[in-house]
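Visitor: Got a predicted structure here, sequence first:
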Amino acid sequence: MSVSMYRLTVPMFQRGLASLKTYLDKAEAYAKEKKFDPAVLVAARLAPDMLPLSGQYQRASDSAKFTLARLTGTDAPKFEDNEKTFDELRERLAKTEAYLATFSVQALEGVEGRQITLPGNSGIVLPGDEYVATFALPNFYFHVATAHAILRNQGAPIGKRDYLG
């Protein structure tokens, strides 16, 4: 029995975005409890050459919206990538969730065979189902997991259950 492309994308992205929202709530409470500026967490990185927490949220959002746009041959909404606060990150997640909610099961029927060109200059083209399985979902979860790791590294009380939803 095959799994629909809708089921492999929209609910998976929604679940990951829900985890990211939980992280924000817990990180904000942590900053308040420890009496430090939450902007420290928004700007935190695991390594100097990695994106900060805000960048992880931006890329997770982009991964979700661009995956669906590529699969359906439509345009995704454009966001400025200028979030600097927890509230701005929440707003971005809400806009991403609203966009995901516009997709129905029917909108993603038959997209598994659509040829998707990977972003960047690789020139790699994959059928939709391989694109989702080997690029889109791993990329999305990389950014969710990296956001998790940044916050844990900063001492925020989040755990595996928060990641799993």
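Guide: The structure has been received and is ready for your questions.

Visitor: Pick out the residue closest to the middle of the protein.
Guide: The centre of the chain sits closest to residue 60, judged by CA atoms, centre = their mean, with a distance of 2.1 Å.

Visitor: can you pull the contacts of it?
Guide: 16-17, 20, 140, 143-144, 147 (CB atoms under 8 Å, 6 or more residues apart in numbering). Every residue, glycine included, has its C-beta placed from N, CA and C.

Visitor: Try it again at 10 Å.
Guide: Applying CB atoms under 10 Å, 6 or more residues apart in numbering to residue 60 gives the contacts 13, 16-17, 19-20, 92-93, 96, 139-147.

Visitor: Ok, residue 11 next?
Guide: So residue 11 contacts residue 100 (CB under 10 Å, 6+ apart).

Visitor: in the host helix or strand of it, what's buried?
Guide: Assigned by DSSP states H and E, residue 11 belongs to helix 5-34. Buried residues in helix 5-34, counted by 16 or more other CB atoms under 10 Å: 5-6, 8-10, 12-13, 16-17, 19-20, 22-24, 26-28, 30-31.

Visitor: need the helices for this structure, in chain order.
Guide: Assigned helices in the chain, in chain order: 5-34, 39-42, 53-72, 86-100, 128-131, 137-153, 160-164 (criterion: DSSP state H).

Visitor: how about JSON lines for those helices, with distance to residue 111 and mean pLDDT added?
Guide: Formatted as JSON lines, the helices of the chain follow (distance: least, CB to CB, whole Å; pLDDT from 0 to 100):
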{"stretch": "helix 5-34", "distance to residue 111": "5", "mean pLDDT": "97"}
{"stretch": "helix 39-42", "distance to residue 111": "35", "mean pLDDT": "97"}
{"stretch": "helix 53-72", "distance to residue 111": "4", "mean pLDDT": "98"}
{"stretch": "helix 86-100", "distance to residue 111": "15", "mean pLDDT": "98"}
{"stretch": "helix 128-131", "distance to residue 111": "5", "mean pLDDT": "97"}
{"stretch": "helix 137-153", "distance to residue 111": "14", "mean pLDDT": "98"}
{"stretch": "helix 160-164", "distance to residue 111": "27", "mean pLDDT": "93"}
